[in-house]
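Participant: Next comes the sequence, and after it the predicted model I'd like to discuss.
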Amino acid sequence: MANLRAVGKSVDRRDGVDKTTGRALFTSDMTFPGMLHAKVLRSPHAHARIVSIDTSKAEKLDGVKAVMTHKNGPKNLFNAAAPMFLTVSNLERVLDQYLFDEIVRYVGDEVAAVAATTEAIAEKALSLIEVEYELLPAVLDAEEAMSENAPELHAGKGCTPEGKNIPGEIIRIPYGDVEKGLKESDVVIEKSFTLPIVKQVQMETQSAVAQVSGSGDVTVWSTTQTPHPSRAILGQVFGIPASKIRVLAPPYVGGGFGVRIGLSGLAEAIALGLALQAKRPVKMVYSRKEDFIASDTRHPATVTVKLGAKKDGTFHALDLKGIFNTGAYCGFGTELPGVCGAMTLAIYRIPHQRYLGHSVYTNRTSSGAMRGFGNPQGNFALEQVVDMMADALGMSPYELRLKNIMKVNDPWCLPFPCLSTELAECMKQASESIGWEKRESLKASAPHKVRGMGMAVGTHVSNAWPFCVDYDNAYFTVQSDGTVHVASGVPEMGTGVCTSLIQIAADAFGIDMDRISLSFGDTLTTPFDIGSHASRTCYAAGLAIKEAAEDARAQIFDYVAPYFDVTPEMVSLQDGYVFVSSLSDPDAASVVSLDDVKEHKQSKVSLENIAYHAHVRNKQFISTGKIVPKNAPPWHVCFADVEVDTETGKVDVLNLVAAHDVGTAVNPMIVEGQIEGGVVQGLGYALTEEIRYNDSGVQTHSNMHSYMLPTAEDIPPMKSIIVESHDPTGPFGAKGAGECSLVCPASAIANALANATNIRFTELPATPERIFAKLHPQN
Amino acid sequence: MNTKLISFVLNGEPVSVRVDPFELFVDVLREKLQLTGTKKGCGEGGCGSCTVLINGEAVNSCLLPAMRVEGTSIQTIEGVEDNGELHPLQTSFIEKGAVQCGFCTPGMIMSAKALLDKNKSPSKEEILEAVSGNICRCTGYVKIEEAIEDAAKTLRKAAVKGESHG
Amino acid sequence: MVQDYVFPGTVEQAVAMLAESKGRARVIAGGTDLVLDMRDGKITADKLVDLRAIDGMQRIVEHDDSISIGASVTHSQIVRSTLLRHHAPGLVDACRKVGSLQIRNVATVVGNVVNGNPAADAAVALACLDATATVVDEQGTRTIPFNELYAGICISCINSSCQIVTQISFPKKKAGEGSSYIRMEQRKALSLPMLNVSSKVRVINSQFQDVQLLMAPVGAGPQHAVTAEDFLMGKDITDENIRQAGVLAREQATFRSSAVRGSKEYRIGVLPVCVERALRAAIADAQEG
């Protein structure tokens, strides 16, 4: 296995041709004979009780085949996100949601759904539903929601000593003695930061098609990132056993970024509920506006950092607190504050640390998972304070970080060791690329402009453990012609799973990639897997595939050893040929059949020959990989060079450089794509993206024209650098690569803004308006 | 309702289809003609996933009344391959890693094609302007820009050799 | 609910088709706004009258002293026009900023004006150019000065159920004249302006003559910064005078806050510098000749 033929190569994506020719099929493209279209009536109120609901006129409309409300919908409590099914054993699951409830808790909450023969009829039917609401007091702000007088969003849930409306566990991470540590520090800096609501805005909106067979078997095509957990959630909602439900992503998902870990909004459940009623296939495609108002956002948060350091710059104590507005339903409200704390505490070697974090219910759209999962919020806060500390100590932010960053096997708060880090090398390469040494002598392009540079560093995870249940499985079959079929439960949402997992399989087994097929993202044909999230796909699903491949190799070696007249340990498999390991030049060896190899020890035997040889003797090489992943920290830095127009507050980002230690880059081109995409999402987080609410609880930024995603014309010059390490816990040394890229850019850009303007921005996004207000307080 | 039969050239072939007077072209393509390569990402001209070429110009098919297509020539992603061979844009998008989830890709390629059909030596600014109405949330646009530049290079070489790419 | 969609071949036919529906028909130009307004139920119509097939409407025409832009001329046509790059660079810059290329390829400049949005890019740029609109209805053809096109905030004087603006015209650039357009935006494409300013100046011997200075959104349609215009008349081109024009414009402007497009505090705060930059750009254009 010394020779990697596929891993580490930027091979073309397997889905490239289908995706560039329009052939690639997404859920929203699916159509079936007799298929109905679903539309949802949503609450116009932030908090209300449905006093009465009359659907009779809608039901009578020609073409309407099913109508669902809280009166006839399923009555099982659930959590639409993966914690429904992946909450670890030491935490209690928060189940706080019905498919349709008598109480609506945010503007956009589901009131009724209709399935009709056309979208237009379904739409018309919604307008015929008569609803009488009793308005209830609403609360939008997290602080307010915790106060004594706040309305209780979920009766009997969330009353804690910390306040009201706090769902699930309050996360506390104790490490050392933080009070003592702060006392012993020479300099202590404390600051609070406000992080905005931002949205994944994956290009394909939440969608599902549900079909129920005559025997009651359910098939749901969906945009989920987690087919297996989604199946379990649907089972719970409708009381249907897992054996009767198939969930699959067909075969592609138009982006995810966390928004569909669990159900896709509620698309699957709404489509299935209506399909059960109508006994016809039902398709539910969220409009873009519905996607904005009725599917999870990133958690807005208030994060407070208290950092203590010795005079020489050694960090000595870190006290961190995060309050997360989780909106109407809990979702990931317990897990996400935990990740925020853990990832923020894990960057630096600090002997005394403490974290307290929790979610708060409010009458807003639920917050949930978004790429980075709590990490960007904490990272932004800490990395601002680290720069403030550098200023206070008169040190360079670079040197201060270099002095304190985690090293291999340093003690930390996480229950797995840090076995690899090239963070210092990432810092070095990125700083050289951006020209960090010029930071003190930067020149702006005009008299009314100021320029600055900033940096930030961070880490993340390579799978969901210990925050969620995480284990993985793979099926591996050597078919009778010697080709391989692999089955893995993860879906392909754009991250290149269907290519990089095959790269891993190819090298783990010893065969060309083009002789491997992969089933993925389908609960019927793949073994259990928790889905594509937590930067885990290559790491965890890849490990399962690697283990399965190694098992299949061993089976083959056992089978062929007698023919070679050696022991199984003396046989090797590479490029689709089996030969004795001592063979000096396998490439040049002649090919013989298995039956003849005893006479020709210097020859090799093709897998095709071996597989068929076995097949006609009633034998197949088939294996499973069953792994419980450890975890490993990827490391990353971002450097930003910015210029600010002091007369308008407008920011021009002149250069962004990101360097990432992702362990082994299984497919460097795909990893670069992950970095670049995440950096641009981070650019949006830093400068433009934000959903705000008016006083009635209505989103004011709920479409593509008002929510300011970066466009192609907004992209600065960027460089992505991969610094490889080899993590012993990952497949071929790989670590997570999917999420890191979004974590640091906003932190780095804000540090650059502070360097340029001498103003510390404590609130994102740093819009021209916010910058202008700070630069011109007299206005 | 006064439904109308509209006729136009679709990816080089004449097509007639009956439409409602205010039906949008994206729905005609996806639902009536089963050409689902053209995606619907927002339905409000804010993402470019539905971009098609009408007489060579990139437009959002979600804002285009189908009636207006009468008598025009339309190109969609399904018509970009030339006799079963990938167009240089398609090849470059794959080779340069410009494809991730793939949902924006058809629209992105159509916008790029509108540019390269007229200008085989576009500047970086012209490339970015050409795709400024196409939101991609996966790639950060870096590799998309590289791919379009790369395809332009291929097309220039082909032009020298006298090959054609529609 | 739209029952019919028609393509008249002449303006007369179009007017007749509108009249026949007695207020239930509506003109569609590019349609990029109309399609969304109709989807959201903000506008309803039984019949849409599409101007695309009317000959001549698609052209930018150069006359002896003026230039006219037909009702079907798109923003992209303006952006590509070398004629307009010379005579109305502010208009070209403004059109380049609208939406995205896909939208510019369809959306018409006349539609951008008739829409009534006070801060519509092309409208603000045209407002400083002494433009006039040619309006046709059953009563005949009239020419209306640009500033009379607005009835209120986002309300046009043009009734699209019976009237058609067939073209917008403005005088060609004369010696010593220059024009410009500046806007603040939240991103470089697919964004509406937070505020915008256009300016046209005539410069003689380093002095301001005939200053037009328009700003938006501060009322119904783009608004003249009257006191700033008056102040600059006959004044020397100096940094101080240009700065003072910005201050005067700010004193006059009454912005509202928009959750999406900027607070009134920000808009008022950056207006002076936008005015200064617009004036400097117009002066530069004038001096370029």
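Facilitator: Yep, that arrived.
Participant: Next, the contact list for whichever residue of chain B sits closest to chain C, please.
Facilitator: Residue of chain B nearest chain C, by CB to the nearest CB: residue B:133 (2.3 Å). For the C-beta atoms, the positions are set from N, CA and C on the backbone; glycine is no exception. By CB atoms under 8 Å, 6 or more residues apart in numbering or on different chains, the contact list for residue B:133 reads A:711, B:45, B:48, B:51, B:58, B:60, B:111, C:99-103, C:189-190.
Participant: Look up how far residue C:98 lies from the most centrally placed residue in chain C.
Facilitator: Centroid-nearest residue in chain C, with CA atoms, centre = their mean: residue C:123, separated by 1.0 Å. Distance, residue C:123 to residue C:98, by CB to CB, to the nearest Å: 11 Å.
Participant: Distance across stretch B:49-69, terminal residue to terminal residue?
Facilitator: 18 Å (CA to CA, to the nearest Å).
Participant: for that stretch, which positions count as buried?
Facilitator: B:49-54, B:57-69 (16 or more other CB atoms under 10 Å in any protein chain shown).
Participant: Quick check: chain neighbours aside, which residue is closest to residue B:16?
Facilitator: Among residues not flanking residue B:16 along the chain, residue B:7 sits closest, at 4.5 Å (CB to CB, 6 or more residues apart in numbering or on different chains).
Participant: Convert the C-alpha atoms of the helix or strand harbouring residue C:197 to PDB, please.
Facilitator: Assigned by DSSP states H and E, residue C:197 belongs to strand C:195-204. In PDB, the C-alpha atoms belonging to strand C:195-204 read as follows (Å, rounded to 0.1, in the frame of the first residue of the first chain):
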ATOM      1  CA  LEU C 195     -28.500  55.800  -2.600                       C
ATOM      2  CA  ASN C 196     -27.500  57.400  -5.900                       C
ATOM      3  CA  VAL C 197     -26.500  60.700  -7.300                       C
ATOM      4  CA  SER C 198     -26.200  61.900 -10.900                       C
ATOM      5  CA  SER C 199     -24.800  65.100 -12.100                       C
ATOM      6  CA  LYS C 200     -24.400  67.100 -15.300                       C
ATOM      7  CA  VAL C 201     -22.300  70.200 -15.400                       C
ATOM      8  CA  ARG C 202     -21.200  72.800 -18.000                       C
ATOM      9  CA  VAL C 203     -17.800  74.100 -17.200                       C
ATOM     10  CA  ILE C 204     -16.500  77.300 -18.700                       C
END
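Participant: Wondering if it reaches chain A at all.
Facilitator: No - judged by CB under 8 Å from any CB of the partner chain, strand C:195-204 stays clear of chain A, getting no closer than 10.4 Å.
Participant: quick one: average confidence on whatever helix or strand comes next after that strand?
Facilitator: The C-terminal neighbour of strand C:195-204 among helices and strands, as given by DSSP H and E, is strand C:207-216. Across strand C:207-216, pLDDT averages out at 96.
Participant: Stretch B:39-51 too?
Facilitator: The model assigns stretch B:39-51 a mean pLDDT of 98.
Participant: Just the endpoints, please. Distance across it?
Facilitator: Distance between the two ends of stretch B:39-51: 8 Å, counting by CA to CA.
Participant: outside of it, which residues touch it?
Facilitator: By CB under 8 Å, 6+ apart, stretch B:39-51 touches A:26, A:28, A:203-205, A:254, A:287-288, A:703-705, B:26, B:30, B:38, B:58-63, B:103-104, B:106-108, B:110-111, B:131, B:133-135, C:32, C:36, C:39, C:99-100, C:102-103, C:190.
Participant: again with stretch A:137-155
Facilitator: Residues outside stretch A:137-155 that contact it (CB under 8 Å, 6+ apart): A:45-47, A:96, A:105, A:136, A:158-159, A:162-167, A:300, A:302, A:323-325, A:328, A:360-364, A:693, A:695, A:697.
Participant: close to chain A, is the lengthiest helix in chain B?
Facilitator: Looking across chain B with DSSP state H, the single longest helix is helix B:142-161. Yes - with CB under 8 Å from any CB as the measure, helix B:142-161 is seen reaching chain A through B:142-145.
Participant: mind giving me a markdown table with the residues you listed and columns for neighbour count and pLDDT?
Facilitator: Listed next are those as a markdown table, based on neighbours: other CB atoms under 10 Å in any protein chain shown; pLDDT from 0 to 100:
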| residue | neighbour count | pLDDT |
| --- | --- | --- |
| B:142 | 24 | 98 |
| B:143 | 26 | 98 |
| B:144 | 32 | 98 |
| B:145 | 21 | 98 |
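Participant: Give me every residue in chain A lying close to chain C.
Facilitator: A:647-650, A:688, A:692, A:694, A:700-701, A:704-706, A:708-714, A:767-769, A:772-773, A:776, A:779.
Participant: how's the chain carved up into domains?
Facilitator: Chain wasn't specified; assuming chain A. A:16-20+A:471-627, A:31-136+A:201-294, A:378-461+A:632-775 (automatic domain parsing).
Participant: please go with chain B instead
Facilitator: According to automatic domain parsing, the ranges for chain B are B:4-79, B:88-161.
Participant: that older thread, out of the buried residues of stretch B:49-69, which are inside strands?
Facilitator: Per DSSP state E, strands hold the following members of these: B:51-54, B:57-60.
Participant: for residue 22, what are its contacts?
Facilitator: Defaulting to chain A. Per CB under 8 Å, 6+ apart, neighbours of residue A:22: B:35-38, B:76-78, B:80, B:106.
Participant: The spatially closest residue to residue A:548 that is not a sequence neighbour - how many residues pack around it?
Facilitator: Nearest residue to residue A:548, sequence neighbours excluded (CB to CB, 6+ apart): residue A:625, at 3.2 Å. Using other CB atoms under 10 Å in any protein chain shown, residue A:625 has 26 neighbouring residues.
Participant: and residue A:625, what element?
Facilitator: Under the criterion of DSSP H and E, residue A:625 resides in strand A:621-627.
Participant: any idea how far the helix or strand just after that strand is from the chain center?
Facilitator: Downstream of strand A:621-627, the next assigned helix or strand under DSSP H and E is strand A:635-645. Using CA atoms, centre = their mean, to the nearest Å, the distance from the centre of strand A:635-645 to the centre of the chain it belongs to is 23 Å.
Participant: Tell me the first helix or strand C-terminal of strand A:635-645.
Facilitator: Heading C-terminal from strand A:635-645 (DSSP H and E), you reach strand A:651-661.
Participant: Following the chain onward from that next one, which element is next?
Facilitator: helix A:668-687.
Participant: buried sites along that next one?
Facilitator: Neighbour-count burial for helix A:668-687 flags A:668-687 (criterion: 16+ other CB under 10 Å).
Participant: what do you get for stretch A:441-451?
Facilitator: A:442, A:444, A:449-451.
Participant: And the average pLDDT for it is what?
Facilitator: What stretch A:441-451 shows for mean pLDDT is 97.
Participant: what's that stretch in contact with?
Facilitator: Where contact means CB under 8 Å, 6+ apart, the residues beyond stretch A:441-451 that reach it are A:452-453, A:641-647, A:654, A:756-757.
Participant: ok, for residue A:592, nearest residue in space, not its chain neighbours?
Facilitator: Leaving aside its chain neighbours, residue A:592 sits nearest to residue A:603 (4.2 Å; criterion: CB to CB, 6+ apart).
Participant: For the stretch 51-200 of chain C, which residues score under the pLDDT cut-off?
Facilitator: Scanning the stretch 51-200 of chain C for pLDDT under 70 picks out nothing.
Participant: how does chain C divide into domains?
Facilitator: Taken from automatic domain parsing, chain C resolves into C:4-50, C:60-171, C:177-288.
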